[in-house]
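Colleague: got a structure for you, letters missing:
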């Protein structure tokens, strides 16, 4: 009789532990301040536990319904803590440092993953996040799609007879100064993979402000304007008339196009397809 009682007690305790684990997983509250991570999490179908994101995480659209905790390099500890997070995800591009230290002091678990700065490392990143969220099959599928699309894009380049010189303007223009993506940016890599060339040579990684005179002297064949700036300026005619842009080969040939910022500033599951779309745009 005692053996039966102990057996039943053991089964009961095992059941309680299993339910506790399931409950813990289902109740995890994640704040993620990386637009690259957030797109991958959504592509994996693992977004149900996201309770907070940074304002730059704008893709996919379903993220718009999640609370924002500020810009990823100007975070507020109050906004993060108000969401009672059980996990804080970031990609080492966050600030201020005092916020991270406060989270550590409060024993909030913090997690980062591999930097996804090349196609290979992005596939590693996708698999790491997939493994973390128990979505390994989904991660494998995303990596296969990314690889196939990327190879298609590289093969497409064999059909292009010239290399378009491309300028990427971020957030449009203000006071005759333009914020542009440099040759060391992720956007420039994607332009190169698309069979083009970023016409702003600079050792600075990312973006830098440039004068209208420098833009005019660069004389790009194609100008890409990120969505916020394009929409603020209104239409192609308004952009064509801007100082520095007026008179360029791109302006004269109406080769000025709107592009979504999040398609150019990081690599992710859609990067291969985004490159193919870039090819259609800059070589049309």
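Modeller: Alright, I've got the coordinates. Bear in mind that the values here come from a model prediction, so they are computed numbers and not experimental data.
Colleague: what number of residues lie near residue 28?
Modeller: Residue 28 has 16 neighbours, counted by other Cβ atoms under 10 Å. C-betas here are computed from N, CA, C, even on glycine.
Colleague: what's near enough to touch it?
Modeller: 49, 86, 87 (Cβ atoms under 8 Å, 6 or more residues apart in numbering).
Colleague: Then residue 278?
Modeller: Taking Cβ under 8 Å, 6+ apart as the test, what residue 278 contacts is 190, 191, 194, 196, 259.
Colleague: picking that back up, in TSV, list the contacts of residue 28 along with pLDDT.
Modeller: Output for these, formatted as TSV (pLDDT from 0 to 100):
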residue	pLDDT
49	95
86	96
87	97
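Colleague: Filter those down to the ones in strands?
Modeller: Among these, the members found in strands (DSSP state E) are residue 87.
Colleague: Using ChimeraX, define a selection of the buried residues within the contacts of residue 28.
Modeller: Remark: buried members of the contacts of residue 28, expressed as a ChimeraX selection using 16 or more other Cβ atoms under 10 Å:
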select :49,87
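Colleague: How about residue 85, nearest residue that isn't a chain neighbour?
Modeller: Sequence neighbours aside, residue 31 is the residue nearest to residue 85 in space, at 4.3 Å (criterion: Cβ to Cβ, 6 or more residues apart in numbering).
Colleague: State whether the one you found is indeed within a strand.
Modeller: Yes - the assignment for residue 31 is a strand, going by DSSP: H, G, I helix; E, B strand; the rest coil.
Colleague: which ones are touching the residue nearest to residue 59 when sequence neighbours are not counted?
Modeller: Excluding the flanking residues, the one nearest residue 59 by Cβ to Cβ, 6+ apart is residue 262, at 4.6 Å. For residue 262, the contact set (Cβ under 8 Å, 6+ apart) comprises 35, 39, 56, 58, 59.
Colleague: element containing residue 209?
Modeller: Using DSSP states H and E, residue 209 sits within strand 207-211.
Colleague: So for the next helix or strand after that strand, what gets flagged as buried?
Modeller: The helix or strand immediately downstream of strand 207-211 is helix 212-218, counting by DSSP H and E. Applying a neighbour-count criterion of 16+ other Cβ under 10 Å, the buried positions in helix 212-218 are 212, 215, 216, 218.
Colleague: Check the gap between the residue nearest to residue 59 and residue 270 for me.
Modeller: 9 Å (Cβ to Cβ, to the nearest Å).
Colleague: What of residue 276?
Modeller: Counting by Cβ to Cβ - residue 276 and residue 270 are separated by 10 Å.
Colleague: Can you show me the helices along the stretch 51-200 of the chain?
Modeller: Secondary structure of the stretch 51-200 of the chain, counting by DSSP state H, counting those that start in this stretch: helices at 77-81, 97-105, 119-132, 136-156, 186-193.
Colleague: deepest of these, which one?
Modeller: Mean neighbour count (mean count of other Cβ atoms under 10 Å) peaks for helix 186-193 among the helices of the stretch 51-200 of the chain, with a mean of 22.
Colleague: between that one and strand 207-211, how big is the angle?
Modeller: Relative orientation of helix 186-193 versus strand 207-211 (axes from the mean of the first three to the mean of the last three Cα atoms, to 10 degrees): 90 degrees.
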